[in-house]
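**Student:** Pasting the sequence and the predicted coordinates here, then a few questions.
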Amino acid sequence: MLHTKIVDSKKEKILTSNAEKFIKDSKFGASIYFLGTVRNINDNKIVTGITYDSHDEMVIKSFEEIYNEADKKLNIKDKAVFIEHAKGYLTLGEISIIIAVGCKHRDQAYVLSRYIIEEIKKKSPIWKKEHYENEDSEWLEGNPLSNEKI
C-alpha cells in the first residue's frame, strides 16, 4: 500500500495526521515517521528558508520505483508507505518531506524508512535553493541521477 504526493506549499502543508491515518492498521505493530525539516544553518551559513523545485511526474515515478525496489531487496511484503515532499518556499522548521511506514515489526519499519529516504536522496529529481540572512540564495548541488530507468 503506497501513497505519494508533491505538496505545493502555496496551497497546503504536509500534515503528519494524514500519514498517521494512511498507515494505521491493526496488522502493523510498528510505525515510523521520518520528517525532514528546514534547519537554520548549513555549511556555516545562516539559513532563513528553502525553495524546493521538482519534476513532479518523475518524482512520483521515482517514489513508486523505490517502493517496488524495497519489495525485492528488503522482502517486506506487508507494509504501508506514505511519502509526501514539499514544493515551493518553506520557512525554518517547516516539513519538507514525510516518510511514514507501517510494518509488522519494528526492525522492518526502521530498515524500510531508512532505505526510502536514502534512495529518494539518490534518485528523485528534487532541487533546493537555500535562502540566507544576508538575502543571498543559492541552488545546492545535488546527487546526479543514476543511470537506472526512473
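**Tutor:** In hand now; what should we look at? Numbering: from 1, shown residues only.

**Student:** low-scoring pLDDT stretches of the chain, where are they?
**Tutor:** In the predicted model, the chain carries pLDDT under 70 at residues 142-150.

**Student:** what's the offset of whichever helix or strand Val101 is part of from the middle of its chain?
**Tutor:** Per DSSP states H and E: Val101 is located in strand 95-103. Strand 95-103 sits 7 Å away from the centroid of its parent chain (Cα atoms, centre = their mean, to the nearest Å).

**Student:** can you list the residues that contact the following helix or strand past that strand?
**Tutor:** Next helix or strand after strand 95-103 toward the C-terminus (DSSP H and E): helix 106-123. By Cβ atoms under 8 Å, 6 or more residues apart in numbering, the residues outside helix 106-123 that reach it are 29-32, 34, 36, 62-63, 65-67, 69-70, 73-74, 76, 79, 81, 83, 85, 97, 99, 101-103, 126, 143, 145-146, 148, 150. Using the backbone N, CA and C atoms, a C-beta is placed for each residue, glycine as well.

**Student:** Find me whatever residue is spatially closest to the residue nearest the centre of the chain, sequence neighbours aside.
**Tutor:** What sits nearest the mean C-alpha location of the chain, by Cα atoms, centre = their mean, is Ile97, with 3.8 Å. Once flanking residues are discounted, Ile97 sits nearest to Gly36: 4.0 Å by Cβ to Cβ, 6 or more residues apart in numbering.
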